[in-house]
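Enquirer: no sequence on this one, just coordinates:
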Ligand SMILES: Nc1ncnc2c1ncn2[C@@H]1O[C@H](COP(=O)(O)OS(=O)(=O)O)[C@@H](OP(=O)(O)O)[C@H]1O
Ligand SMILES: [Mg+2]
Ligand SMILES: [Mg+2]
Ligand SMILES: [Mg+2]
């Protein structure tokens with residue numbers, strides 16, 4: 001029997017995401033003032049984000065030295081005298097997540113973080129990396145995800161997400177936390193705990209009646225138009241309150257049946273969604289029986305560079321109800337019928 005496609009990439013991605021997730025868990029318990037900085041776009045970045053990107057880029061480079069990486073972070077804020085304190089912290093943390101043979105120096109730390117500056121595009125292999133998705137959730141001690149995807153010729157082929165604070169079983173919120181979500185195109189969607197290598201197949205809940213559905217959206221009101229999502233929910237007859245959750249954990253929740261619809265409605269005409277915010281999550285949902293599109297029902301196009309430049313917003317739902325959700329989205333966002 002021939003080996004499954006992308007078996008090596010899947011295994012390396014699991015190792016990389018799990019190693020980085022554990023670094024994030026350690027850093028959270030020790031995070032002190034001054035270890036978070038605000039980027040130009042006003043979003044936060046922490047020593048956790050830099051360390052996780054360093055760990056994953058180092059592990060990827062060892063196994064796939066030719067593969068470019070589209071990563072969220074770069075080393076600018078860690079350079080020079082100004083960056084010294086943070087750089088030293090990040091170096092210590094990154095090395096705590098790496099095998100001894102891969103130990104980084106200050107110089108190789110900056111170099112490995114900057115391997116994530118690839119511009120993306122329509123051709124060849126590339127990894128999309130969000131070392132901490134939902135940094136605000138991470139800082140609040142709530143949901144965040146370490147997200148890694150392999151994109152080949154514009155198509156997401158492998159996705160692995162680590163969710164350190166997500167309960168293994170949504171019905172047991174005080175039970176064990178820390179799950180990995182794993183998917184390869186055409187091979188289904190799986191969940192495993194941080195503490196065990198046993199993988200369980202997962203799928204979306206297949207509800208017939210939208211009245212029973214629940215939907216999830218961002219915690220941050222600046223990332224999705226929440227008043228429009230309330231109108232869409234009403235139009236669909238959804239009565240349950242939305243589940244507000246940070247990060248790509250929303251895709252993970254959907255893919256194991258905790259919620260049925262994910263609405264991410266554009267808040268500004270100029271914001272372009274980043275490929276690392278959706279690559280792994282969108283494949284996971286698709287492999288679990290869902291459809292992921294933009295607000296017009298168009299597939300997400302990962303071939304346009306570092307952003308989803310030709311898409312607007314994100315709508316994910318079970319394949320059986322996705323069409324009805326898009327209809328409602330269009331009615332609410334474009335009441336005159338114009339696109
Ligand atoms: N204006 C705007 N619109 C849409 N999306 C934005 C915007 N600003 C930031 N971001 C991206 O949102 C990522 C966080 O994911 P979520 O929105 O799902 O989570 S949450 O709102 O923070 O709860 C977040 O990812 P991280 O930076 O990795 O946390 C951003 O890439
Ligand atoms: Mg960020
Ligand atoms: Mg993100
Ligand atoms: Mg991030």
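Expert: Here it is on my side, so go on. Computed from a predicted model, the values in this text were never measured in an experiment. Ligands and ions are numbered 1, 2, ... in the order given.
Enquirer: Show me the domain layout of this structure.
Expert: 7-202, 210-333 (automatic domain parsing).
Enquirer: What mean pLDDT does the single longest strand found in the chain get?
Expert: Across the chain, the longest stretch assigned as strand under DSSP state E is strand 155-167. Average pLDDT, strand 155-167: 98.
Enquirer: now do stretch 24-36
Expert: Across stretch 24-36, pLDDT averages out at 82.
Enquirer: and it, does that touch ligand 4?
Expert: No: counting by C-beta under 5 Å from the ion, ligand 4 is not contacted by stretch 24-36; separation bottoms out at 11.0 Å. The C-beta positions use only the backbone N, C-alpha and C, and glycine is treated the same way.
Enquirer: State the distance from the residue in the chain sticking out farthest from the centre to residue 315.
Expert: What lies farthest from the middle of the chain is residue 336; by C-alpha atoms, centre = their mean that is 34.0 Å. Applying C-beta to C-beta, to the nearest Å, the value for residue 336 to residue 315 is 20 Å.
Enquirer: which non-adjacent residue is nearest the residue in the stretch 51-200 of the chain that ligand 2 sits nearest to?
Expert: Residue nearest to ligand 2 within the stretch 51-200 of the chain: residue 135 (4.9 Å; C-beta to the ion). Residue nearest to residue 135 in three dimensions, not counting chain neighbours: residue 44, with 5.0 Å by C-beta to C-beta, 6 or more residues apart in numbering.
Enquirer: is the one you found in a bridge, and if so with what?
Expert: Assessed by DSSP bridges, residue 44 has beta-bridge partners residue 38.
Enquirer: Burial check on residue 33, number of neighbours?
Expert: Counted with other C-beta atoms under 10 Å, residues neighbouring residue 33 total 5.
Enquirer: residues touching residue 255, list them.
Expert: With contact set as C-beta atoms under 8 Å, 6 or more residues apart in numbering, residue 255 has these partners: 181, 189, 202-204, 284-285, 287-288, 290.
Enquirer: typo on my end, residue 228
Expert: Applying C-beta under 8 Å, 6+ apart to residue 228 gives the contacts 265, 332-333.
Enquirer: go on, residue 29?
Expert: Going by C-beta under 8 Å, 6+ apart, the list of residues near residue 29 is empty.
Enquirer: Could you pick out the residues of the stretch 51-200 of the chain near ligand 4 for me?
Expert: Within the stretch 51-200 of the chain, the positions near ligand 4 by C-beta under 5 Å from the ion are 72, 130, 132-133.
Enquirer: could you say what helices and strands the very next helix or strand once past the longest strand of the chain packs with?
Expert: Proceeding N to C from strand 155-167, the next assigned helix or strand is strand 177-184, under DSSP states H and E. The contact analysis (3 or more C-beta pairs under 8 Å, 6 or more residues apart in numbering; DSSP states H and E) places strand 177-184 against helix 7-30, strand 155-167, strand 189-193, helix 249-255, helix 279-287.
Enquirer: could you redo the last one with a cut-off of 6 Å?
Expert: Counting contacts by 3 or more C-beta pairs under 6 Å, 6 or more residues apart in numbering; DSSP states H and E, strand 177-184 packs against strand 155-167, strand 189-193, helix 279-287.
Enquirer: So for the single nearest residue of the chain relative to ligand 3, what's the pLDDT?
Expert: Closest to ligand 3 within the chain is residue 133: 3.6 Å, counting by C-beta to the ion. pLDDT recorded at residue 133 is 98.
Enquirer: and what of residue 43?
Expert: Reported pLDDT for residue 43: 87.
Enquirer: Report the spatially closest residue to it, excluding sequence-adjacent ones.
Expert: Sequence neighbours aside, residue 135 is the residue nearest to residue 43 in space, at 6.8 Å (criterion: C-beta to C-beta, 6+ apart).
Enquirer: and what of residue 24?
Expert: Going by C-beta to C-beta, 6+ apart, residue 24 has residue 48 as its nearest residue, at 4.9 Å.
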